[in-house]
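Trainee: could you look at this predicted model? Sequence included:
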Amino acid sequence: TIRYQLREAGAVELVVYNTLGQQVALLVNEYQAAGAHQAVWDARDQNGRSLPSGIYLYRLRSGEFVKSHKMLLAR
C-alpha cells in the first residue's frame, strides 16, 4: 500500500517502474481531492501477470510535485 497526502486537489499519476525504467503498472491516473489517499499495488503488471521479486520504484506526480520512492518486492 502506498499512502500519500495531497496539499491541493489536482490530477494525480502514480506509476510503478522496474529497475530498467520500464513502466510495469499504472496505479492512479485521475483527478483527486486534497487530503490523504492510498493506492494498493498487487505486484502484478498492467497485463495481470505476477512480477518477480526485486526492486521497483514508484513515481507520484501531482502538479509541480514529484516524488519517487524505491520498493522491495519479496515473495
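Mentor: Received, thanks.
Trainee: partner residues bridging residue 11?
Mentor: When bridges are called by DSSP bridges, residue 11 pairs up with residue 31.
Trainee: wait, isn't it in contact with residue 63?
Mentor: Yes - at 7.5 Å, residue 11 and residue 63 qualify as touching, with contact defined as CB atoms under 8 Å. C-betas here are computed from N, CA, C, even on glycine.
Trainee: just the helices in the protein please.
Mentor: Ranges of helices within the chain: none, based on DSSP state H.
Trainee: low-confidence ranges in it?
Mentor: Applying pLDDT under 70 to the chain flags no residue at all.
Trainee: pull the contacting residues for residue 54.
Mentor: By CB atoms under 8 Å, 6 or more residues apart in numbering, the contact list for residue 54 reads 18-19, 72-73.
Trainee: mind checking how far it is from residue 25?
Mentor: 14 Å (CB to CB, to the nearest Å).
Trainee: also residue 18?
Mentor: For residue 18, the distance to residue 25 equals 10 Å [CB to CB].
Trainee: neighbour count winner among the two?
Mentor: residue 25 (20 against 17; other CB atoms under 10 Å).
Trainee: wait, that one sits on residue 48?
Mentor: No - under the criterion of CB under 8 Å, residue 25 is not in contact with residue 48, lying 10.2 Å apart.
Trainee: now do the strands in the chain.
Mentor: Secondary structure of the chain (DSSP state E): strands at 2-6, 10-18, 23-32, 35-39, 54-62, 65-73.
Trainee: and the longest one, what other elements does it pack with?
Mentor: What it means is strand 23-32. If contacts are counted by 3 or more CB pairs under 8 Å, 6 or more residues apart in numbering; DSSP states H and E, strand 23-32 sits against strand 10-18, strand 35-39, strand 54-62.
Trainee: and that strand, how far out from the chain middle?
Mentor: Relative to the centre of its chain, strand 23-32 is centred 7 Å away, using CA atoms, centre = their mean, to the nearest Å.
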